[in-house]
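Visitor: any chance you can model this:
(2 chains)
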There are 2 protein chains.
Amino acid sequence: MNPVLVEVTRGNLVESRHRGAIAVCDASGNLVAQWGDVEAAVFPRSAFKSLQALPLIESGAADAFQVTQEELALACASHSGEPMHVERVTSWLERIGCVEPNLACGPHLPINEPAAHAMLRAGERPCRVHNNCSGKHTGFLTIARHLGIAVEGYERPDHPVQILVRDAIASLCDLKPGEMPIGIDGCAAPNYALPLSRLARAMARLGDTASLSPDRAKAAQRLAAAWRAHPLLVSGTGRACADLMAATTGRTIVKTGAEGVFTAVLPDQGLGIALKIDDGATRAAETVMAKLLALFGVADDAAPSIAKHAHPPVRNWRGDIVGERRTTEALVLLAN
Amino acid sequence: MNPVLVEVTRGNLVESRHRGAIAVCDASGNLVAQWGDVEAAVFPRSAFKSLQALPLIESGAADAFQVTQEELALACASHSGEPMHVERVTSWLERIGCVEPNLACGPHLPINEPAAHAMLRAGERPCRVHNNCSGKHTGFLTIARHLGIAVEGYERPDHPVQILVRDAIASLCDLKPGEMPIGIDGCAAPNYALPLSRLARAMARLGDTASLSPDRAKAAQRLAAAWRAHPLLVSGTGRACADLMAATTGRTIVKTGAEGVFTAVLPDQGLGIALKIDDGATRAAETVMAKLLALFGVADDAAPSIAKHAHPPVRNWRGDIVGERRTTEALVLLAN
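Guide: Okay, here's the model as predicted:
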C-alpha cells in the first residue's frame, strides 16, 4: 500500500488524497530513499523521453542532419504547442524531408491555453505538429531517414527505430528488453513498463555517466545539456517542468509524464528520482516533485516557482483562496 | 482504507488506480450496501445541489416569481454553459430584476467544448452566467428577492438565504447544522461536509418522501420531477449525468460533484447513493456510478450510454484503443 503523499484541503478538512511511490537512486542502482512500492512496473510515459532520444544521437542521425541543441531539447519534450515549439518542429521536419502527415502522433490543441485560444480565434485546427510529442516523433523520423529505411510505420514496436529505442531504455535500466511490458502511449509510440527503482537509476545515469560506455556517456551528456539549456522548449510557458528547472541550481533537470509520473536528474548529487501517483493525477506529481527538490537541497521551498507547485492555494472561480494542496508528513518521515 | 474501485489499464497492465467509498441507503437511513468508510465527512460539492434548491420552493420564492420547471432543473444543475443554459439563466435573472454582476460565482469558459470554442472563435469572453453553478446562484437570488432582503452578500454563510439552505441540508441528512464543517465551493457558495451515509439517506428521501413533512415532500417531489424531466439542463450535451439518466428507467436521477463525488436517487427502489473517490477523480466517479446503476438493476450495463462510462476504452490521440477504464471486483464482492 503506497502512502498518501499529497492532500488537497477545503476549509479545515482534507477533501482529496493522492497515494504514490517514489524512488531515489544513484547511478549504481542504490536506493538512497524510497516511499511505497518502487519495484512494481509503471509506464514512465513522457517522463523518459530523454531515454527514448538517446538513439537519435548514438545512431549518428543527429550529426548527419545537423540537429541543433534546441531540436534535441524538443526530442525530449512534452511541449505546449506554442509558436516557439511549432516553428522549430516544422523546420526540423522540413530539413529531414518529411511533412506533417509523416508524424504518427494524432493532433490535439496546444497545451498552452493562450496558444490554443489564439488558434481557435483564428479559426484554425491543430495538426500533428501541435501534439506535445511531435519533437520526439521528429527525432524518430530523423533516425529512420539516417538509416535509409521507410519512415512509414516508424512508431510500430517492431520497427528498427523502436528496437533501438527499446534497447537503449533497457540498457540504462539494467533490464532485458523482453522483460519490459509494452503499452501504447497517447502519441501512438510504444512505452515500456518498468520499476520506479530502475527508472530512477536510469535518470541518475543521465547525470552521472561514469558507468556508461564512452559513446553513450557523450550522448547522455549532450541530451542532458540540451534539456537543461532549454526548459521552455522541453515544456512551455508556466508549466511545472519549466518552473521547477528555473528554481533549481540550473543543473537539475525534471520531466513530467502522463498519469502522474515525474522524473528528475540531480547531477550534483549523482541522483535520479522517479515517482508515480497511483491514481494518475498530474497535480499531485507536480506537488511531490517540487517538495522533493527542496528536500534534496536543490531548490528553495520558499521560492515562488517552487511554492507554486509544492503548496499552492486552491482557489474558487472568483479567485478566493478556499484550500491548499500540500505534501503530507509521509514525505519527510519515510525518507531513509 | 477505502478499496480500489476503478482501474485504468494500458496494454496488459493496470496503469492507475482509484480508491473510494460508496453508501447506498434507504430513506430511514439503513445502509443497504457500503464500500469503504462511509462515515468520514466529505464535501458533496455540486452533488447535493438538489438539497440546496429546496428553500427556493419551500420559501414560496419559486411560486412568487413563477419559476418554471426548466429553471428548477437549472437550480439543481452543473450546466455546460451551452446556449440552452445561458439563455434560460439570463431570462430568469432578468425576471427577478437582477443582472449578471449580482451573481457571486466567478466566470469560466463553458464546460461544453463546442460552446467554449464557439465563444473563443467569436472573440467573446465568458461571464458569470457561463459558470456551471449560475442556475443555483439565480435560485439563491430569487429567494433573497422574495424575502425582500439585499441580494448583496447572498453567498455568505451567515446570509439568511444560506441559513435556509444549510438548515434544509442538515434536516434531510438528520444532522445538526452546526455539526457540518463548512468549506467554500468553486462557485463561492458555502458547502458543508457530511458523511456519505447521510448524503445517501438525503438522496433516498428525494425519491421516497414519506418521512418528510408535507410541504417538504412536495418541494422534494417537484425538484426531483424537474431534475428528471430535463437531464440536459441539469448537465449538458454528452455529459455523464445526461447519459446515465437517459440510460435508466427514466425515474433514476443522478448528479455529479467536483472532486470525485456522485449521487443518485433510485425512487423505485427507495434508495439513495452517494460516492466519493479519494483522489477526487471525476473519471472514476463516473465509472463507479454507471456500474452501480447496472448493479442495482436500473440500467443495462451493455447499453451504449452506460458502457461509455462503466468501461470505456482508453484511446490515444489518433483514436487507437490502448487500454480500458473499468470497475474492480471489489465493486461486486463487497456488496452486502
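
Visitor: where do the strands sit along the stretch 101-250 of chain A?
Guide: Using DSSP state E, counting those that start in this stretch, the strands of the stretch 101-250 of chain A run over A:182-184, A:190-192, A:194-195.

Visitor: redo those strands as TSV? Include mean pLDDT and mean neighbour count.
Guide: All C-beta atoms are positioned from the backbone trio N, CA, C, and that covers glycine. Listed next are these as TSV, based on pLDDT from 0 to 100; neighbours: other C-beta atoms under 10 Å in any protein chain shown:
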stretch	mean pLDDT	mean neighbour count
strand A:182-184	98	20
strand A:190-192	98	24
strand A:194-195	98	22
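
Visitor: got those strands as a markdown table, with distance to chain B columns?
Guide: Conversion of those to a markdown table gives the following (distance: least, C-beta to the nearest C-beta, whole Å):
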| stretch | distance to chain B |
| --- | --- |
| strand A:182-184 | 3 |
| strand A:190-192 | 7 |
| strand A:194-195 | 11 |
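
Visitor: so which bits of the stretch 151-300 of chain A are right by chain B?
Guide: With the criterion set to C-beta under 8 Å from any C-beta of the partner chain, the stretch 151-300 of chain A comes near chain B through A:181-188, A:191, A:193, A:259-260, A:278-281, A:284.

Visitor: which of those count as buried?
Guide: Among those, the ones that count as buried by 16 or more other C-beta atoms under 10 Å in any protein chain shown are A:182-188, A:191, A:193, A:259-260, A:278-281, A:284.

Visitor: quick one: which of those residues is nearest residue B:106?
Guide: Ranked by distance to residue B:106 (C-beta to C-beta), these are led by residue A:281 at 23.5 Å.

Visitor: just the ones of the residues of the stretch 151-300 of chain A next to chain B in helices?
Guide: residue A:284 (DSSP state H).

Visitor: and stretch A:315-328, what's buried?
Guide: A:316, A:317, A:318, A:322, A:323, A:325, A:326, A:327, A:328.

Visitor: end-to-end on that stretch?
Guide: 20 Å (C-alpha to C-alpha, to the nearest Å).

Visitor: how about that stretch, does it get close to chain B?
Guide: Yes. Stretch A:315-328 is in contact with chain B by C-beta under 8 Å from any C-beta, via A:316, A:317, A:318, A:319, A:320, A:322, A:323.

Visitor: residue contacts, the third one?
Guide: By that I understand residue A:318. Applying C-beta atoms under 8 Å, 6 or more residues apart in numbering or on different chains to residue A:318 gives the contacts B:104, B:105, B:106, B:188.

Visitor: check the second one and give its pLDDT.
Guide: pLDDT recorded at residue B:105 is 96.

Visitor: my guess is it meets residue B:137, correct?
Guide: Yes. Shown here, residue B:105 and residue B:137 form a contact pair, counting by C-beta atoms under 8 Å, at 5.2 Å.

Visitor: which residues are common contacts for these two?
Guide: Common neighbours of residue B:105 and residue B:137 (C-beta under 8 Å, 6+ apart) are B:128, B:131, B:155, B:187, B:189.

Visitor: ok, and the most crowded of those?
Guide: Using other C-beta atoms under 10 Å in any protein chain shown as the neighbour test, these are led by residue B:131, with 29 neighbours.

Visitor: so that one sits right up against residue B:105, yeah?
Guide: Yes. Contact status for residue B:131 versus residue B:105: in contact at 4.1 Å, counting by C-beta under 8 Å.

Visitor: overlap in contacts of these two?
Guide: Going by C-beta under 8 Å, 6+ apart, residues that sit against residue B:131 and also against residue B:105 are A:317, B:137, B:187.

Visitor: ok, the buried residues of stretch A:315-328 vs residue A:26, which is closest?
Guide: Distances from residue A:26 to the buried residues of stretch A:315-328, taken by C-beta to C-beta, are shortest for residue A:327, at 23.1 Å.

Visitor: which parts of the lengthiest helix in chain A are buried?
Guide: Longest helix of chain A, by residue count under DSSP H: helix A:214-229. Buried residues in helix A:214-229, counting neighbours by 16+ other C-beta under 10 Å, are found at A:216, A:217, A:219, A:220, A:221, A:222, A:223, A:224, A:226, A:227, A:228.

Visitor: who does it touch, helix- and strand-wise?
Guide: Counting contacts by 3 or more C-beta pairs under 8 Å, 6 or more residues apart in numbering or on different chains; DSSP states H and E, helix A:214-229 is packed against helix A:49-52, helix A:54-58, helix A:69-75, helix A:196-207, strand A:253-257.
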